[in-house]
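In: Need the 3D shape of this:
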Amino acid sequence: MSTVATDDHHDDHQESPYSIKRWLFTTNHKDIGTLYLWFSFIMFLIGGVMALVIRTELFEPGLQFVDPQFFNSMTTMHAIMMIFGVVMPAFTGLANWLIPMMVGATDMALPRMNNWSFWILPFAFAMMLSTLFMDGGGPAGGWTLYPPLVLQTGDALPFVILSMHFMGLSSIMGAINVIATILNMRAPGMTLMKMPLFVWTWLITAYLLIAVMPVLAGGITMLLTDKFFETSFFNAAGGGDPVMFQHIFWFFGHPEVYILILPSFGVVSSIIPTFARKPLFGYASMVYATGSIAFLSFIVWAHHMFTVGMPLAGELFFMFATMLIAVPTGVKVFNWVATMWRGAMTFETPMLFALGFIIMFSIGGFSGLMLALAPVDFQYHDTYFVVAHFHYVLVPGSIFAIIAAVYYWLPKWCGNMYNEGLGKAHFWLSTIFVNLTFFPMHFVGLAGMPRRIPDYALQFSDYNAMATYGAFGFGLSQLLFLYLVIKAIRGGEKATSQVWENAEGLEWTLPSPPPYHSFTTPPVIK
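Out: Model prediction:
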């Protein structure tokens, strides 16, 4: 590689840090990572307000605040915002910041495409949000966009589909960039099996993105032609099959779940060894487990479809394949716990969020195993139990991992420490409220409360009130996070060169445990 790129790319360093030109045209991976992370946080607040609209309406039975059509738009757009606008851009921002530094590259492999893949996103989401002001309101078919229901959406549908194409384009370009960087720009001597696990999880995630985003693009384009060009892909009256859309959608949708969680595994695998002061236990098994999860994610899609009337052999196959995913996931949880075992642990904010991730993500995993059982899925399907399950995977899962990553690397990014006491307060508030929000949903779901409805039977009112209190508490807690980040960026106690006063980057350089094992006192590595 030429050394020209080492001084933060071209003339970027001559621009004022506040100039619009610098941020519009930057090809510096750190700037682009920062843009992704701030964009993600803004979308987090917008998507969070949509969730609070849903919870406000569900605070007590009856139709109180919004009409059912707008409620349906909120449930649809909240999900699309959180998946495509929050979790994926945040992990792409972390990838931009960290991957070049972790593999010893000067920048991402394709800096101009990197800039483009970010700047597509604000336009895509502006288009998505604009549909709320169109005739008929925003999209109202649920985030899964099932026909024939979604085809009743008014003028919004083509704009929603076009914005989703843009989101997919951004993701594919980001994934190509990640793969090109990791495979072509590693420092001499860094073999694949010496890469940090965050890099490994992103490499595998990038291949998943390239494989499944075109599948979603194909499915939603077929929806478009069904509505406007008189095709009958999913129209039973014309010889089509609405269940075919479910197959196409979930062939994208299930690997997408792992796109949202695999980078979290990489983040947690960086944080746990640092605060346990031990190398990661079982590095190679972690790499293989990640690859296994990615492979299995492609052969389990129809577990979302047990109620469509598939043959018994199909139900059995998808049930057993789904339960199989629990094995590599269990390997990961075991390795994290084994890393902490007999470690000299301290509990700074990033470690607290990583521990919260492991415990609550495991709750989501166990409820996922329950949903994998075809006979009982008929009871759980389309109830609030499913809502509780995937929110336990994605909120204390993906969101907690992203927050942990920000607390962990923020001192390196801006040179200042955040307020540790307030960081811990943020963790405890988030943990209490996230459980208050989503744990009661297991109970109302098992009792039969269907999801995506603006009204419900009287017996569900107490748990719904609890969930609404929790949602508002969780949302307000994130304003503390915003305050902490801005305060650290603007100044404060200077971070040391070795922020966490231990083997920072230990997992990067020691892919397997050292031969020394003391059964009396664990070695503290300074």
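In: all contacts plus neighbour counts: C-alpha atoms, from now on.
Out: Fine.
In: give me the number of residues near Phe39?
Out: Neighbour count for Phe39, taken as other C-alpha atoms under 10 Å: 19.
In: ok, now Met167?
Out: Neighbourhood size, Met167 [other C-alpha under 10 Å]: 24.
In: swap in Ser362?
Out: Ser362 has 19 neighbours, counted by other C-alpha under 10 Å.
In: same check, this time on Lys424
Out: The number of residues packed near Lys424 is 17, by other C-alpha under 10 Å.
In: before we move on, what about the one 4 residues further on?
Out: Neighbours of Trp428 under the rule other C-alpha under 10 Å: 17.
In: Show me what whichever strand or helix holds it is packed against.
Out: Using DSSP states H and E, Trp428 sits within helix 420-446. When contacts are defined as 3 or more C-alpha pairs under 8 Å, 6 or more residues apart in numbering; DSSP states H and E, helix 420-446 packs onto helix 349-372, helix 374-380, helix 384-393, helix 461-490.
In: and if we set it to 7 Å?
Out: Secondary structure elements in contact with helix 420-446, counted by 3 or more C-alpha pairs under 7 Å, 6 or more residues apart in numbering; DSSP states H and E, are helix 349-372, helix 384-393, helix 461-490.
In: I'd like the ones you listed as CSV, with distance to Trp341 appended.
Out: CSV is the format used below for the helices and strands packed on helix 420-446 (distance: least, C-alpha to C-alpha, whole Å):
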stretch, distance to Trp341
helix 349-372, 13
helix 384-393, 24
helix 461-490, 30
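In: Over to Gly137. Which of the three states is it?
Out: Of the three states, Gly137 takes coil under DSSP: H, G, I helix; E, B strand; the rest coil.
In: how close does it sit to Ser130?
Out: Using C-alpha to C-alpha, to the nearest Å, Gly137 is found at 9 Å from Ser130.
In: Tell me the pLDDT of the closest residue to Tyr469 other than its chain neighbours.
Out: By the measure of C-alpha to C-alpha, 6 or more residues apart in numbering, the closest residue to Tyr469 outside its immediate chain neighbours is Thr437, 7.2 Å from it. What the model reports as pLDDT for Thr437 is 97.
In: Just give me the neighbour total for Thr437.
Out: Thr437, neighbours per other C-alpha under 10 Å, totals 25.
In: For Met466, see how far away it is.
Out: From Thr437 across to Met466, the span is 7 Å (C-alpha to C-alpha).
In: And for Phe59?
Out: Using C-alpha to C-alpha, we find Phe59 at a distance of 8 Å from Met466.
In: rewinding a little: so the residue nearest to Tyr469 sits against Ala467, correct?
Out: Yes. Counting by C-alpha atoms under 7 Å, Ala467 is a contact partner of Thr437 at 3.9 Å.
In: Who has more neighbours out of Gly137 and Ser130?
Out: More neighbours surround Gly137 than the other of Gly137 and Ser130, with 19 against 14 (other C-alpha under 10 Å).
In: Identify the residues contacting the residue nearest to that one when sequence neighbours are not counted.
Out: Spatial nearest neighbour of Gly137, excluding adjacent residues (C-alpha to C-alpha, 6+ apart): Thr131 at 6.4 Å. Contacts for Thr131 (C-alpha atoms under 7 Å, 6 or more residues apart in numbering) come out as 137-138, 156, 159.
In: What's the local residue count around Phe133?
Out: That count, for Phe133 with other C-alpha under 10 Å as the rule, works out to 10.
In: how close does it sit to Ser73?
Out: 11 Å.
In: Same question for Gln459.
Out: Taking C-alpha to C-alpha, one finds Gln459 at 26 Å from Ser73.
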